[in-house]
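**Student:** predicted structure and sequence below. I'll ask about it afterward.
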Amino acid sequence: MKKYVCDVCGWVFDEESREELGIPSNVEFADLPEDFVCPVCGVGKDQFSEID
């Protein structure tokens, strides 16, 4: 499972955070809507980096 970190605030998007946001577990980060924003600081998907 891939994880992505917000480059601005450090919030991590992973399987657990998807469930908290009401996003189905089969939705990949790349498939999120273009208007998805970090729930902590509000920046867009382009401000996230994949982490190992």
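**Tutor:** Alright, I've got the coordinates. All of these numbers come straight from a predicted model, not from anything done at the bench. Numbering: from 1, shown residues only.

**Student:** where do the helices sit along this protein?
**Tutor:** Counting by DSSP state H, the chain has helices at residues 15-20.

**Student:** quick one, strands of it?
**Tutor:** 3-6, 12-13, 48-51 (DSSP state E).

**Student:** export those strands as JSON lines, with columns for distance to I23.
**Tutor:** In short, each C-beta sits where N, CA and C put it, glycine included. Compiled in JSON lines, these are given as follows (distance: least, CB to CB, whole Å):
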{"stretch": "strand 3-6", "distance to I23": "13"}
{"stretch": "strand 12-13", "distance to I23": "9"}
{"stretch": "strand 48-51", "distance to I23": "14"}
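
**Student:** and those strands, which one is worst for confidence?
**Tutor:** The weakest mean pLDDT among the strands of the chain belongs to strand 12-13, with a mean of 92.

**Student:** quick check: beta-bridge partners of the residue minimising distance to the centre of the chain?
**Tutor:** Nearest to the geometric centre of the chain sits F13, at 3.6 Å (CA atoms, centre = their mean). Counting by DSSP bridges, F13 is bridged to Y4.

**Student:** okay, and the helix or strand of this structure with the least pLDDT?
**Tutor:** Least confident helix or strand of the chain, by mean pLDDT, DSSP states H and E, is helix 15-20 with a mean of 79.

**Student:** great, nothing more from me.
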